[in-house]
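Asks: Let me see the structure of the following:
(one chain, ligands or ions: 3)
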Amino acid sequence: MRILVTGTEGQLARSLLEQAQGVNDLSVFALGRPDLDLTRPHAIAGALAGVDCDVIVNAAAYTAVDQAESEPDIAHAVNCDGAEAVAQAAARADIPFIQISTDYVFNGQKDGAWNEDDSPDPLSVYGKTKLAGEMAVQAAAPKAAILRTAWVYSPFGKNFAKTMLRLAESRDELSVVADQTGAPTSALDIAGGVIAVARNLAARPDDPALHGVFHMTAIAGSTAPTWADFAEQIFSASRALGGPSAQVRRISTAGYPTPAARPRNSLLDCTRLEQAHGVRLPFWEVPVANIVRRILADS
Ligand SMILES: NC(=O)C1=CN([C@@H]2O[C@H](COP(=O)(O)OP(=O)(O)OC[C@H]3O[C@@H](n4cnc5c(N)ncnc54)[C@H](OP(=O)(O)O)[C@@H]3O)[C@@H](O)[C@H]2O)C=CC1
Ligand SMILES: Cc1cn([C@H]2C[C@H](O)[C@@H](COP(=O)(O)OP(=O)(O)O[C@H]3O[C@@H](C)C(=O)[C@@H](O)[C@H]3O)O2)c(=O)[nH]c1=O
Ligand SMILES: [Mg+2]
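Replies: Ligands and ions are numbered 1, 2, ... in the order given. Below you'll find the model as predicted:
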């Protein structure tokens, strides 16, 4: 199976490339700027024409959540119009398509985990443009699988774990919000899940059970983690490896003002993914130490 993924340096693109290494019947190739620029939708069909692959994964996105508040047009161009153009090119060539989306499509005002049938109501420009992308993709490629994930971290790119470890090099104490719950999810685990979904779509492209929206995050357990809990896990793993750590001061969202509002609770129920695609990611704490080890080794 050949998977084409959009973006070359993103966390998920890098993770897909790594997960395919050494797997005989799988190859992943990444296509990104300048050859494929999602802000230039008219060039996308040309960039993808003649590409030989079995599945296309759109992992490229405008992911700077706070910056998007002041650049809504660029965020919309990438997350909606760009995604739509990639989906159209896939549909025209009859290639199965996977779109990656986010927990930030929800407003956070639910006590339990969100289901795929719950109404989205994004609080931020990033969330609004990703939701618009989901709808445009579904219209352009009705057989697409749309995978919503959350709180992604990895040895690659920019993420919360890298930020915490970098800040801990110069600070003894860090204030971190303890009233937003969600599921920290390893991009390497997501890549494994995406490959499984891609295999299903390649084998049964017309099976309606495989199409539509699915939630794909780590399992959060009964006491859902907050960003502060995630930070504490990162520091405990780092301390065990002789790396930097800081005391976590648990604060409320009001104590950490940001341009974009985030959901209070963004836990996603991943049952539908397990039932339809047979994919279940590990408990959220499982990959923390390995990823921290790799971040420390790279820095
Ligand atoms: N990060 C997170 O916490 C979460 C992410 N998601 C979603 O998961 C997916 C993967 O995220 P992640 O890997 O973390 O993203 P990253 O921010 O790590 O990478 C984003 C990728 O998008 C590419 N990109 C941005 N703008 C353009 C453009 N105009 N044209 C082409 N490519 C562009 C970047 O290109 P380049 O390689 O040139 O830098 C990069 O490869 C995204 O759809 C995101 O919305 C969902 C939930 C959480
Ligand atoms: C750096 C920092 C952040 N925070 C808070 C701010 C915010 O509420 C939370 C996370 O901050 P970040 O800016 O790292 O994460 P954020 O950009 O909100 O991450 C999101 O990215 C997009 C792409 C998604 O799709 C989401 O699933 C989610 O992963 O932690 C602190 O409380 N203290 C700190 O020192
Ligand atoms: Mg291979």
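
Asks: For the residue lying closest to A140 once chain neighbours are set aside, give its distance to D81.
Replies: Among residues not flanking A140 along the chain, A87 sits closest, at 4.0 Å (Cβ to Cβ, 6 or more residues apart in numbering). To be clear about C-beta, it is placed using only N, CA and C from the backbone, and glycine gets the same treatment. Distance, A87 to D81, using Cβ to Cβ, to the nearest Å: 11 Å.

Asks: Tell me, how many residues neighbour the residue nearest to A140?
Replies: Number of residues near A87 (other Cβ atoms under 10 Å) recorded here: 26.

Asks: same question, G22
Replies: Neighbourhood size, G22 [other Cβ under 10 Å]: 7.

Asks: Name the spans of the stretch 51-200 of the chain whose pLDDT lies under the cut-off.
Replies: For the stretch 51-200 of the chain, not a single residue meets the criterion pLDDT under 70.

Asks: ok, back up a step: and for A87 and D81, which residues touch both?
Replies: A136 (Cβ atoms under 8 Å, 6 or more residues apart in numbering).

Asks: Strands along this structure, start to end?
Replies: With DSSP state E, the ranges of strands along the chain come out as 2-6, 27-31, 55-58, 97-102, 145-149, 152-153, 173-177, 185-186, 212-215, 247-251.

Asks: Next to ligand 1, which bits of the stretch 151-299 of the chain? Give me the list.
Replies: By Cβ under 6 Å from any ligand atom, the residues of the stretch 151-299 of the chain that approach ligand 1 are 151-152, 157.

Asks: ok, of those residues, which one's closest to ligand 2?
Replies: Nearest to ligand 2 among these, counting by Cβ to the nearest ligand atom, is W151 at 4.3 Å.

Asks: residues contacting the closest one?
Replies: Here W151 is in contact with 103, 160, 182-185, 217, 230, 266 (Cβ under 8 Å, 6+ apart).

Asks: Likewise for D229?
Replies: Counting by Cβ under 8 Å, 6+ apart, D229 has contacts A178.

Asks: From ligand 3, how far out is it?
Replies: D229 sits 36 Å away from ligand 3, going by Cβ to the ion, to the nearest Å.

Asks: Equivalent analysis for A237, please.
Replies: For A237 relative to ligand 3 (Cβ to the ion), the value is 30 Å.

Asks: Correct me if wrong: that residue contacts V288.
Replies: Yes. Applying Cβ atoms under 8 Å as the test, A237 and V288 come out as touching, 5.3 Å apart.

Asks: Could you tell me how many residues sit around L273?
Replies: For L273, the count of nearby residues is 25 (other Cβ under 10 Å).

Asks: Test my guess that it contacts H215.
Replies: Yes. Assessed by Cβ under 8 Å, L273 is found in contact with H215 at 6.1 Å.

Asks: list residues touching both of the two?
Replies: With Cβ under 8 Å, 6+ apart as the test, L273 and H215 both reach L147.

Asks: Output stretch 95-107 in PDB with nothing but the alpha carbons.
Replies: Extracted in PDB, the C-alpha atoms of stretch 95-107 (Å, rounded to 0.1, in the frame of the first residue of the first chain):
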ATOM      1  CA  ILE A  95      -8.500   7.400  -4.300                       C
ATOM      2  CA  PRO A  96      -9.700   6.800  -0.700                       C
ATOM      3  CA  PHE A  97      -9.200   9.900   1.400                       C
ATOM      4  CA  ILE A  98      -8.500  10.500   5.100                       C
ATOM      5  CA  GLN A  99      -8.900  14.000   6.600                       C
ATOM      6  CA  ILE A 100      -7.500  14.800  10.000                       C
ATOM      7  CA  SER A 101      -9.500  17.000  12.300                       C
ATOM      8  CA  THR A 102      -9.600  18.200  15.900                       C
ATOM      9  CA  ASP A 103     -11.400  18.100  19.300                       C
ATOM     10  CA  TYR A 104     -11.500  22.000  19.000                       C
ATOM     11  CA  VAL A 105     -14.600  21.700  16.800                       C
ATOM     12  CA  PHE A 106     -16.500  21.300  20.200                       C
ATOM     13  CA  ASN A 107     -17.300  24.000  22.700                       C
END
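
Asks: hmm, back to that, let me have the strands of the chain in TSV, adding mean neighbour count as columns.
Replies: Shown next, in TSV, are the strands of the chain (neighbours: other Cβ atoms under 10 Å):
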stretch	mean neighbour count
strand 2-6	24
strand 27-31	19
strand 55-58	27
strand 97-102	26
strand 145-149	26
strand 152-153	26
strand 173-177	17
strand 185-186	26
strand 212-215	21
strand 247-251	16
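
Asks: Tabulate the ones you listed in JSON lines, adding columns for distance to V292.
Replies: What follows is the strands of the chain, written out as JSON lines (distance: least, Cβ to Cβ, whole Å):
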{"stretch": "strand 2-6", "distance to V292": "25"}
{"stretch": "strand 27-31", "distance to V292": "25"}
{"stretch": "strand 55-58", "distance to V292": "26"}
{"stretch": "strand 97-102", "distance to V292": "23"}
{"stretch": "strand 145-149", "distance to V292": "20"}
{"stretch": "strand 152-153", "distance to V292": "9"}
{"stretch": "strand 173-177", "distance to V292": "15"}
{"stretch": "strand 185-186", "distance to V292": "11"}
{"stretch": "strand 212-215", "distance to V292": "25"}
{"stretch": "strand 247-251", "distance to V292": "15"}
